[in-house]
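Asker: below is the structure, and that's it, no one-letter string:
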């Protein structure tokens, strides 16, 4: 697996953008999509940096080696000593040098849940791009409750950070969604010819995150991403404590956890727009 960044220059001057795939090594759809697209990819304008986020984890088929790369883009003082000693911390520092040279990022991810659906994570500064990506749902507010991804880093330095979740990682459709997302992003950024039609999308704003208090958090049932939950509904058991919904919400990224301090689920609410 190539650990370096591939730099593709267009014939004409233009913006600089970056595409990352495999930040989580067991989410292969973006990696496979890039491998399919790169041999024939022709950039007309500007510069595109293309990289495999966590190449060692990709080779081993694991989410990460030492620490979650998708949380390593926070300021160093907010990371633990263990995180700062990790391979992923060094990899994030390397990737930041290219992110800083780019005006926008597309970070390609997928889910390990079979019932997952494609959606976009971004903030309002990405409005002119996300409306062309192959997802009918856009989620904002993650930077405030779940910081540390490459998209978070781009937003923190005044650039545009976008994460596309391509659905179930083991489904062939996730590769097609990743490829379409990459091409749509490149078109929206002006790197290749634009033949796009804006999509009708709905919006969700993240309101909160639940962090486990014990080494045993068990969901009350499997929750589909963006499933509606009611105030008072039992979500799970953290040790011996019941965790219930504070109010009517949408729940997503809900997972059983086996360690205190882990991210167990996010909750959000429907919005009328991204702004």
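Answerer: In hand now; what should we look at? Predicted, not measured: the structure shown is a model, and the values here were computed from it.
Asker: residue 149 contacts residue 70, doesn't it?
Answerer: Yes - the criterion here is C-beta atoms under 8 Å, and residue 149 meets it with residue 70 at 4.7 Å. No exception for glycine: its C-beta is placed from N, CA and C like everyone else's.
Asker: these two - which one has more neighbours?
Answerer: Taking neighbours as other C-beta atoms under 10 Å, residue 149 and residue 70 compare with residue 149 leading, 27 against 23.
Asker: from residue 143, how far off is the more buried one?
Answerer: Look at residue 149 and residue 143: by C-beta to C-beta, to the nearest Å, they are 8 Å apart.
Asker: quick one, domains of the protein?
Answerer: Domain ranges of the chain: 6-188, 205-271, per automatic domain parsing.
Asker: just these: most buried one?
Answerer: Ranked by mean neighbour count, the domains of the chain are led by domain 6-188 with a mean of 20 (mean count of other C-beta atoms under 10 Å).
Asker: centre of the chain to that domain, how far?
Answerer: With C-alpha atoms, centre = their mean, to the nearest Å as the basis, domain 6-188 stands 6 Å off its chain's centre.
Asker: try stretch 176-191
Answerer: So, by C-alpha atoms, centre = their mean, the centroid of stretch 176-191 is 15 Å from its chain's centroid.
Asker: helices along the chain, start to end?
Answerer: In the chain, the helices defined using DSSP state H lie at 29-37, 55-60, 81-84, 87-99, 127-130, 142-145, 150-156, 172-188.
Asker: who are the contact partners of the spatially most central residue of the chain?
Answerer: Taking C-alpha atoms, centre = their mean, the centroid of the chain lies closest to residue 163, which sits 3.8 Å from it. The neighbours of residue 163, taking C-beta atoms under 8 Å, 6 or more residues apart in numbering as the test, are 106, 107, 108, 109, 120, 121, 122, 142, 149, 151.
Asker: closest one to residue 207 out of those residues, please.
Answerer: Among the contacts of residue 163, residue 142 lies closest to residue 207 (C-beta to C-beta), at 11.0 Å.
Asker: circling back to that earlier point, which one of the contacts of residue 163 sits closest to residue 16?
Answerer: residue 106 (12.8 Å).
Asker: for residue 17, see how far away the residue nearest to that closest one when sequence neighbours are not counted is.
Answerer: Using C-beta to C-beta, 6 or more residues apart in numbering and skipping the chain neighbours, the partner closest in space to residue 106 is residue 185 (4.3 Å). Using C-beta to C-beta, residue 185 is found at 7 Å from residue 17.
Asker: touching both of these two, which residues are there?
Answerer: Joint contacts of residue 185 and residue 17 (C-beta under 8 Å, 6+ apart) are 104, 106.
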